[in-house]
Every structure is written in structure tokens, then in C-alpha cells.
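*Asks:* coordinates only, no sequence provided:
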Ligand code: SAH
């Protein structure tokens, strides 16, 4: 259980992302995979969460790749992160694009859950939980932040030999899509572990899909294989 006296933040992880912050919107940078999967996840989120006109919270938003896309799609979007530099880039990018229905805040998800419980129609938390000391605490806070009947989305990396080969050996060493050390295999989360965290947070698991990479076509697609990168939708009862 997470000790609430200590923030659920790994400073080394925040530093890692801060150092790359100027590259968030460079589609050929380390963040290319996030740009590549963005249309797929936006589609999935909208299919389940129907986000137009709704309030959406994006936890661990980074430079706002997904947050801004949801705002452009018509949601009233808020992004939070613990890396100040990333939020600065996110704000600038929204300003340059005249996107006014997106807001960014430096606040932990646990603190925001205490401040604004049931404050959002939809909560998303993508590719972030494998970078924190206590992912279950993130799941609980996300569940608390969504309104009864609202949807909560997570994506992360599975922990098995195939995920190790693709997400670390492949992406960091062979294809050099990501800098070495981007991911720590031991922090990857299996669907069974995530399902348990969701259940314990009172969330009802609705569906899961793989974000599967084909190294030959260099494209991602949604699939039924949760072996490597996968995305989940849950509902808050009520
Ligand atoms: N969700 C974004 C970015 C994923 S990269 C996307 O998918 O496009 C992971 C992000 O999580 C980084 O921006 C990093 O700063 C953030 N992060 C890591 N630990 C965090 C924490 N404890 N609280 C909030 N954000 C965190």
C-alpha cells in the first residue's frame, strides 16, 4: 500500500522525461511511438467514452499528445503530470494551435483525487503506470476521479519474455525507437495484475485490446493480443 506521506513519484523517471521534453511534438523523435498509436487510442477512447462535450482528465499527460487530441475532438480536457517542462511544452503547443479547451496542471493524481473526487466524465492514464513506484495507488486515484458511470482507460506494457524482447531489446536496442533505459522490465504490469488493481479500486473491467506493432510495416494496430502493449477500459459503477 502506498505511503501517503511520500509522493508516488520516481524522480529519476521525471528527470528522464524532462530532459526529452523539447521533443514531445517531434514525430521522428523518441516519442514517435506515442504519435503513432495516438489515433488508435483516441478512437478507442471515443468509442467507449464518447468524449465530445465531456470533461476528460489525462493523467501523466507529458507534452499533451493525447490530451490535445481529445480536446481537438471536442472534449473539455485537462492534463496533469509531475514534469514541469513537459507541461510547459504542452501549454505552448495548445496555444500555438489555438486550442482553448485544454488545461494543464502540475499536480499528482492522488492530490487531485482528494481535491476533486468524481470530477471528470472520463479519465485516461496512458503509458505512465510502468514509471511509478506504486501503480495501484494511481488506479485508485483514477477511479476516484471519474464520476459514477464514467469510463477509466489505462495502457501499459505486459511483463513476459515477448514483451521483454519487443519493448526493450527491440525498441531500445535493435530498432532504436526509444533511448536505452526508457523502460524497466520489472515495472511492467500483467493484465491479471492490472485487473486486480482495477477490481480493488471498485472499477468494472469492460474490455482490453493490444496495441500491436508490426516491425515490417512499421505500423501499429489494435489487436486481441495483450502480450506487449495493451489498453484497457473500465467503468465506475453507477
Ligand atoms: N501519457 C502520455 C505520456 C506517456 S510518457 C502519452 O501516452 O502520450 C509517461 C509520462 O508519465 C511522462 O510524461 C512522465 O513525466 C509521467 N509521469 C511519470 N511519473 C509520474 C507521476 N508519478 N505522476 C504524474 N506523471 C508521471
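*Replies:* Nice, thanks for sending it over. Bear in mind that the values here come from a model prediction, so they are computed numbers and not experimental data.
*Asks:* which is the next helix or strand following the lengthiest helix in the chain?
*Replies:* If you go by DSSP state H, the chain has its longest helix at helix 32-49. Per DSSP states H and E, helix 32-49 leads on to strand 55-59 as the next helix or strand towards the C-terminus.
*Asks:* so what's the most centrally placed residue in the chain bridging to?
*Replies:* Among the residues of the chain, residue 126 comes closest to the average C-alpha position under CA atoms, centre = their mean, at 1.2 Å. Beta-bridge partners for residue 126, by DSSP bridges, are residue 155.
*Asks:* residue with max distance from the center of this structure?
*Replies:* Max distance from the centre of the chain (CA atoms, centre = their mean): residue 216, 25.8 Å.
*Asks:* and for the helix or strand hosting residue 122, what's in contact with it?
*Replies:* Assigning secondary structure by DSSP H and E places residue 122 in strand 120-126. For strand 120-126, the external contacting residues (CB atoms under 8 Å, 6 or more residues apart in numbering) are 41, 45, 49, 51, 54-60, 66, 70, 75, 78, 109, 138, 142, 145-147, 150-155, 231. The way it works is simple: take the backbone N, C-alpha and C, and place the C-beta from them, glycine included.
*Asks:* let me see the ranges of the helices in the chain.
*Replies:* 11-19, 32-49, 65-72, 84-96, 109-115, 135-145, 161-163, 191-200.
*Asks:* which parts of the second one are buried?
*Replies:* Just to be clear, that refers to helix 32-49. 33-38, 40-42, 44-46, 48-49 (16 or more other CB atoms under 10 Å).
*Asks:* hmm, back to that, for the residue farthest from the centre of the chain, what are phi and psi?
*Replies:* Backbone torsions of residue 216, given as degrees, to the nearest 10, read phi -80, psi -50.
*Asks:* try residue 175
*Replies:* Per degrees, to the nearest 10, the backbone of residue 175 is at phi -80, psi -10.
*Asks:* and for it, the neighbour number?
*Replies:* Counted with other CB atoms under 10 Å, residues neighbouring residue 175 total 14.
*Asks:* about what we covered before: show me the one of the helices of the chain that comes nearest residue 184.
*Replies:* helix 11-19 (8.9 Å; CB to CB).
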